[in-house]
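Chemist: 3D model of this:
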Amino acid sequence: MHEYDDLIFSKLIIWQIKVIDPSKKTCETFLGTGKPGGLSSEEGGIQFDEPGGLCVSPDGQFLYVADTNNHAIRVIDVKTKTVSQV
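Modeler: Next up, the predicted model:
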């Protein structure tokens, strides 16, 4: 993701976080296997189960995800794409 240039959104029923780059007119999967679950990067894959809300930290380093059906707030390091849970 480019700082403050891209749009980030979640797709509830495809269980992914997507990034739109308006300048390139592209939409790409940022994270998510496309299957529901709760796996994190330490387990060899990243899954969400209805990622319903997103918030970017003021410095742009972290993306907070309300992972609805996992009843969790997930924290993504935008540069390394590692995921932890609050």
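
Chemist: Report the beta-bridge partners for the spatially most central residue of the chain.
Modeler: For the chain, the residue nearest the mean C-alpha position is I17 (4.1 Å; C-alpha atoms, centre = their mean). I17 has these beta-bridge partners by DSSP bridges: S10, L31.

Chemist: Could you verify my assumption that it touches I8?
Modeler: Yes. When contacts are counted by C-beta atoms under 8 Å, I17 is listed as touching I8 (6.6 Å). All C-beta atoms are positioned from the backbone trio N, CA, C, and that covers glycine.

Chemist: Between those two, which contacts overlap?
Modeler: Common neighbours of I17 and I8, using C-beta atoms under 8 Å, 6 or more residues apart in numbering, are 30, 54, 63.

Chemist: Tabulate the residues you listed in JSON lines, adding columns for pLDDT and neighbour count.
Modeler: Below are the shared contacts of I17 and I8 laid out as JSON lines (pLDDT from 0 to 100; neighbours: other C-beta atoms under 10 Å):
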{"residue": "F30", "pLDDT": "92", "neighbour count": "18"}
{"residue": "L54", "pLDDT": "94", "neighbour count": "14"}
{"residue": "L63", "pLDDT": "95", "neighbour count": "21"}
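
Chemist: Let's have the residues you listed in JSON lines, adding distance to G37.
Modeler: Formatted as JSON lines, those follow (distance: C-beta to C-beta, whole Å):
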{"residue": "F30", "distance to G37": "17"}
{"residue": "L54", "distance to G37": "19"}
{"residue": "L63", "distance to G37": "19"}
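
Chemist: for those residues, which one is nearest L12?
Modeler: Distance to L12 across the shared contacts of I17 and I8 (C-beta to C-beta) is lowest for L54, with 11.7 Å.
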